[in-house]
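Q: Need a 3D model of the following:
(one chain, ligands or ions: 1)
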Amino acid sequence: MKLDILTSTALGLYFSTAVAGTHLQDGVAGQSSGPVKEIPAIGLGTWLSDKEKVADAVEYALTNGYNHIDAALIYGNEKQVGKGIASSKVARHDIWITSKLWNEHHRPYKVHEAIRATLSDLGVDYLDLYLMHWPVAFVPDDSSSSGGTEKIDKHTSILQTWRAMEELVRLGLTRHIGISNFARADVERLLRDAEIRPYAHEFETHPYLQQQDFVDWHEDIGVKVIAYSPLANTNPTYDGHKPVAPILDDLFWVKIADEKDCSVAQAVLGWGLERGTVVIPKSVHKDYIKQNLGALEVEFGKKEMKKIAMADKKTRFNDPGKGWGIKLFRDLDDPTELEDDDDLSEL
Ligand SMILES: NC(=O)c1ccc[n+]([C@@H]2O[C@H](COP(=O)([O-])OP(=O)(O)OC[C@H]3O[C@@H](n4cnc5c(N)ncnc54)[C@H](OP(=O)(O)O)[C@@H]3O)[C@@H](O)[C@H]2O)c1
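A: Next up, the predicted model:
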């Protein structure tokens, strides 16, 4: 059912069922006494959100039912996201804010600098979740050995960076830490030595790259999955990367949306929620922002889920591995293909 009017009662219901299988009382404006306990099921994405528009988008989202913002330093718009947070006048503890540590900041001394820059730009004292954006370290720009910001830093391990991120939790700069874009082997390696387990893993997953086994495995190990690019190839930066038609025009999904009397975007996001992933659709348009929240009302039965599983295209749209010379996602669907696969760089 398409959701046109969001009443406060309805929003209370949404956020009380924020993460599949749990009943949370957080995030209902004016009702919570502490920070949002669990990551809300829907957040507003901000990658490629125009600097001129993102403050309004964030303010609109926060005053119209969202309580979760997905940001990152590398998006270059955290100051404007912070303006939107401030002008919403929503109390800090009623918002879940995620940001991400960029590859150039993996050396432990850089980790502290990076989160402080993010906190200052966002205008907040703490994050709810800080993610290692990629399991790849770049040589920092200020390093004497640097040959450019995208030179791979082979001397900084994921674990060294994680140790510094663990310290951020102890310092109260972030409530949780997590990971993004890790292969399964990277997650396993981290879990062996982590003192603080990752709270969540943010990675690309949508109906065209379902990775159901990987999603299920995260449930088994108690790490929440945040599905990025939940609208598959709707992000215009993916245009032409792969010979796949836009999901919003896909007749398979148009039919599902017709049957459910909702928009295709709501159906696709609703499927992401039904499988227990957190979805973070990005938009700078009020009508889309409002419409996407309606996905919380779209439900799927087991038979429908099975049919959708059969339509997986196992197609990844976001893979910078080639440019970095690193075989990312090596044990997942649609891994990076390098010219010479024998010459694999170790992460
Ligand atoms: N951790 C990572 O490495 C990583 C990587 C990628 C993304 N992310 C996060 O995930 C977020 C979402 O992913 P994404 O931005 O790649 O893609 P997305 O949210 O799947 O798609 C965004 C695109 O869909 C459009 N859109 C949104 N709602 C719509 C609707 N109801 N109907 C029609 N079009 C709609 C947006 O338009 P307008 O913007 O023009 O309104 C935008 O062009 C990002 O913004 C970012 O926060 C994280």
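Q: Where does the protein get nearest to the ligand, which residue?
A: Nearest to the ligand in the chain, going by CB to the nearest ligand atom, is G45, at a distance of 2.5 Å. Where you see a C-beta, it was placed from the backbone N, CA and C, and this is true even at glycine.
Q: Contact partners for the residue nearest to that residue when sequence neighbours are not counted?
A: Residue nearest to G45 in three dimensions, not counting chain neighbours: K282, with 3.1 Å by CB to CB, 6 or more residues apart in numbering. By CB atoms under 8 Å, 6 or more residues apart in numbering, K282 lies in contact with L44, G45, T46, W47, L48, S49, D70, N235.
Q: returning to what we had before: for the residue of the chain closest to the ligand, list the residues it contacts.
A: The neighbours of G45, taking CB under 8 Å, 6+ apart as the test, are D70, Y228, I280, P281, K282, S283.
Q: Next step: those residues restricted to strands.
A: Counting by DSSP state E, those place D70, Y228 in strands.
Q: Return the distance of A245 relative to V54.
A: Distance, A245 to V54, by CB to CB, to the nearest Å: 29 Å.
Q: Between the two, point out the one with more neighbours.
A: Neighbours per residue, other CB atoms under 10 Å: of A245 and V54, the larger number sits with V54, 26 against 9.
Q: I'd say the more buried one and I289 touch.
A: No - contact status for V54 versus I289: not in contact, 11.4 Å apart, counting by CB atoms under 8 Å.
Q: need the residues of this structure near the ligand, please.
A: 45-47, 70, 133, 180-181, 202, 228-231, 234-236, 248, 263, 265, 280-285, 288, 291-292, 318 (CB under 6 Å from any ligand atom).
Q: Of those, which belong to strands?
A: Those of those lying in strands (DSSP E): G45, D70, S180, E202, Y228.
Q: Please work out how many residues are found near the third one.
A: Yep, that's S180 we're talking about. Counted with other CB under 10 Å, the neighbours of S180 add up to 21.
Q: For the chain, which residues score under the pLDDT cut-off?
A: 1-33, 143-150, 340-347 (pLDDT under 70).
Q: Show me what I97 is bridged to.
A: I69 (DSSP bridges).
Q: I'd like to know how many residues surround it.
A: 27.
Q: need the contact list for it.
A: Taking CB under 8 Å, 6+ apart, we find I97 in contact with H68, I69, A71, I85, L122, V124, L127, D128, L129.
Q: Identify the farthest-apart pair in the residues you listed.
A: The distance between the two most remote of the contacts of I97 (CB to CB) is 15.1 Å, for I85 and L129.
Q: thinking again about what came up before, now restrict the contacts of K282 to buried residues only.
A: L44, G45, T46, W47, S49, D70, N235 (16 or more other CB atoms under 10 Å).
Q: with those in mind, which one is nearest to G276?
A: The nearest one, if we look at these relative to G276 and count by CB to CB, is D70, at 17.6 Å.
Q: And the closest one, how far from H133?
A: 12 Å.
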